[in-house]
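In: Predicted model, plus sequence, below.
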Amino acid sequence: MIFEKAVGLLKAKGLTVTFAESCTGGLLAKSVTDVAGASAVFPGSAVTYSNRIKESVVGVDPETIKKYTEVSHAAAREMAAGAAAVFGADIAVSVTGYAGPGGGTENDPAGTVYVGVYARGRVDSYRFYFADADRAAVRELCLSFAAYITEVEASRL
């Protein structure tokens with residue numbers, strides 16, 4: 001199970017994790033709850049597929065979407081920070097992107113994903129471009145990175 005190590009680290013340190021997912025559609029939440037005992041570290045999460053939900057549930061500023069789009073560093077950061085606030089989590093990971101095969105822009109074509117990370121007040125984001133990856137592969141790659149970054153942040157805190 002991909003989140004097994006992360007859940008173990010979170011438990012050992014008394015930390016919690018949450019997610020704000022768009023293009024992964026709940027895959028991160030499903031994967032963390034595949035681990036027995038995840039309820040000790042996972043209060044819940046949000047699938048924020050539409051911009052309306054990104055704004056109303058995790059507090060992404062509509063101006064952020066207007067200026068940078070919902071697939072951007074700024075949106076990913078706001079999604080992560082907002083999810084942490086809503087769920088009272090120590091760590092939050094957000095994923096927003098164009099999983100394909102359609103969608104995208106000239107600067108962010110299909111296969112582009114932004115991952116936001118919140119860890120006790122510190123917010124960061126990462127951009128990935130998975131050229132030639134199909135929709136399922138993009139989502140699985142996001143899942144792998146989310147599990148990895150959760151482990152990294154749990155280790156740091």
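Out: Nice, I can see it.
In: Which residues does Phe128 form beta bridges with?
Out: Here Phe128 shows beta-bridge partners Val113, assigned using DSSP bridges.
In: That one: neighbour count?
Out: Other residues near Phe128 number 16, with proximity taken as other C-beta atoms under 10 Å. C-beta: built from backbone N, CA, C; applies to glycine.
In: mind checking pLDDT for the residue nearest the centre of the chain?
Out: A centroid search over the chain (C-alpha atoms, centre = their mean) returns Ser94, at 2.0 Å, as the residue closest to the centre. At Ser94 the predicted local confidence, pLDDT, stands at 98.
In: list the contacts for Thr24?
Out: Residues near Thr24 by C-beta atoms under 8 Å, 6 or more residues apart in numbering: 95, 99, 139, 142-143, 146.
In: Compare those residues and tell me which is most surrounded.
Out: That'd be Val95 among the contacts of Thr24, by other C-beta under 10 Å, with 29 neighbours.
In: could you point out the longest helix in the protein?
Out: Identified as the longest helix of the chain according to DSSP state H is helix 135-156.
In: Spell out the residue ranges of the strands in this structure.
Out: Assigned by DSSP state E, the strands in the chain fall at 17-21, 46-47, 91-97, 112-119, 122-129.
In: TSV for those strands, including distance to His73?
Out: TSV is the format used below for the strands of the chain (distance: least, C-beta to C-beta, whole Å):
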stretch	distance to His73
strand 17-21	14
strand 46-47	19
strand 91-97	10
strand 112-119	6
strand 122-129	4
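In: for the ones you listed, which one sits closest to Leu28?
Out: Evaluated over the strands of the chain, closeness to Leu28 peaks at strand 17-21, with 4.5 Å, by C-beta to C-beta.
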